[in-house]
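Enquirer: no letters, just coordinates:
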């Protein structure tokens, strides 16, 4: 998605250790007009799949998923991160390692909101090692829900997440795939991404 | 806001200890169409105030604030909750007690995103004791930003937050104010709320 790639190039900050900071428009300060265009693009890619729920994960996925929810006209659920071992009520749980924060969270979703037969679109801001997304996938599978689409804003192509999902034939589309980054010049190089609607 | 009051009455759950659970449409599963109507209503109440930033707090405020950002056509910043004492970079900090979770979080906002002269709309899903909102207000004051509006989805009228903000003459509008709740019958009683645009 050209608009997103341009924005990453102009406003993203490349730091050593393959860190891409996009907190001026994506995950601390957010640009709702950009999210609106991303939502339209996800609707173009997944809109024909009779999706009835969107599932994302707190906190950075919530804004863009809410906009997507408007176009798909479906409820948006956000999985909650919790460090507590004892979780009240009936919930699905998955363990998620954070690449950025170097810790592990338990991610939970109430059993009231994902059910057998649901047709789910998963949305997140970043795909790096894929741990968060694999957690959401595990929750959907446990619930008996179908994964009809996985919409990512920024995939870090040099990490393993994309490969992990594609080799399982999951219907993944990333709006921008970063091939590499140069912390010296701040240049971000993008890989060509698949812009065809999922089968 | 009639639509929100009706939704609270139909889908909210009243539990003992003055707990109102709205996780089926507001803070775990979210209804983007409802958020869109709430965003329009906030625009009616605050749209004339030349607001240039919206500030909310993770996680439940993010979805509704993102929709509001579309109408106001401004960036939306979410304050981050952090338990760590050492925060990297240049940030504003405030201590926020959680009524629900019975703990204290440090709430942080990067100094890059709230500046002297900004005209800010604060948005949050709940106003109970007002601790989160007072934290955001403190951050705006420290930044030298003007608070042009405070938009709350659900105010718990029987707790002190609303009073605390109104006695400081802050431009607060709550879309629904809960006067009391009956856990026996599940009935929620609403107080009449001010629906006039702020001065």
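Expert: Nice, I can see it. None of these values were measured; they are calculated from a predicted model.

Enquirer: what's in contact with the host helix or strand of residue A:105?
Expert: In the assignment (DSSP states H and E), residue A:105 maps to strand A:103-110. Contacting residues not belonging to strand A:103-110 are listed as A:55, A:57, A:77, A:79-85, A:87, A:89-98, A:132, A:135-136, A:139, B:23, B:28-29 [CB atoms under 8 Å, 6 or more residues apart in numbering or on different chains]. In short, each C-beta sits where N, CA and C put it, glycine included.

Enquirer: after it comes which helix or strand?
Expert: Where DSSP H and E defines the elements, the next helix or strand beyond strand A:103-110 is strand A:119-127.

Enquirer: ok now that next one, how far from the chain's centre?
Expert: Relative to its chain's centre, strand A:119-127 lies at 4 Å (CA atoms, centre = their mean, to the nearest Å).

Enquirer: restricted to buried residues, select the contacts of strand A:103-110 in ChimeraX.
Expert: The ChimeraX command for the buried members of those (criterion: 16 or more other CB atoms under 10 Å in any protein chain shown) is given here:
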select /A:55,57,77,79,80,81,91,92,93,94,96,132,135,136,139 /B:23,28,29
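
Enquirer: need the residues of chain A near chain B, please.
Expert: By the criterion of CB under 8 Å from any CB of the partner chain, the positions of chain A lying close to chain B are A:23-25, A:28-33, A:35-36, A:58-59, A:62-67, A:69-70, A:73-78, A:80, A:109-110, A:112-113.

Enquirer: in its sheet, what does the strand holding residue A:105 sit against?
Expert: Note on strand A:103-110: by DSSP bridges, its sheet partners are strand A:76-82 (antiparallel), strand A:91-98 (antiparallel).

Enquirer: poorly predicted segments of chain A, please.
Expert: Across chain A, the ranges flagged by pLDDT under 70 are A:83-89, A:99-100.

Enquirer: run through the strands of it in chain order.
Expert: A:13-15, A:19-21, A:29-30, A:53-57, A:76-82, A:91-98, A:103-110, A:119-127, A:146-156, A:172-182, A:187-191 (DSSP state E).

Enquirer: contacts made by the last one with the rest, please.
Expert: Taking CB under 8 Å, 6+ apart as the criterion, the residues outside strand A:187-191 that touch it are A:5, A:8-9, A:12, A:14, A:20, A:157, A:176-182.

Enquirer: ok, those vs chain B, which is closest?
Expert: residue A:12 (13.6 Å; CB to the nearest CB).

Enquirer: quick check: closest non-adjacent residue to that closest one.
Expert: Distances taken as CB to CB, 6 or more residues apart in numbering or on different chains put residue A:22 closest to residue A:12, at 4.9 Å, once the chain neighbours are dropped.

Enquirer: relative to residue B:107, how far out is that neighbour?
Expert: 21 Å (CB to CB, to the nearest Å).

Enquirer: not counting its neighbours along the chain, what's nearest residue A:161?
Expert: In space, residue A:161 is closest to residue A:130, 2.9 Å off (CB to CB, 6+ apart).

Enquirer: chain B versus that neighbour, what's the distance?
Expert: Per CB to the nearest CB, to the nearest Å, residue A:130 is found 22 Å from chain B.

Enquirer: for residue B:137, see how far away that residue is.
Expert: Distance from residue A:130 to residue B:137, by CB to CB: 39 Å.

Enquirer: go on, residue A:20?
Expert: Taken as CB to CB, the span from residue A:20 to residue B:137 is 32 Å.

Enquirer: mind listing what the residue nearest the centre of chain A touches?
Expert: By CA atoms, centre = their mean, the mean C-alpha position of chain A lies nearest to residue A:124, the distance being 1.6 Å. Taking CB under 8 Å, 6+ apart, we find residue A:124 in contact with A:56-57, A:60-61, A:132-133, A:136, A:151-153.

Enquirer: as CSV, these with distance to residue B:162 would be great.
Expert: Output for those, formatted as CSV (distance: CB to CB, whole Å):
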residue, distance to residue B:162
A:56, 31
A:57, 32
A:60, 30
A:61, 31
A:132, 37
A:133, 40
A:136, 37
A:151, 39
A:152, 40
A:153, 37
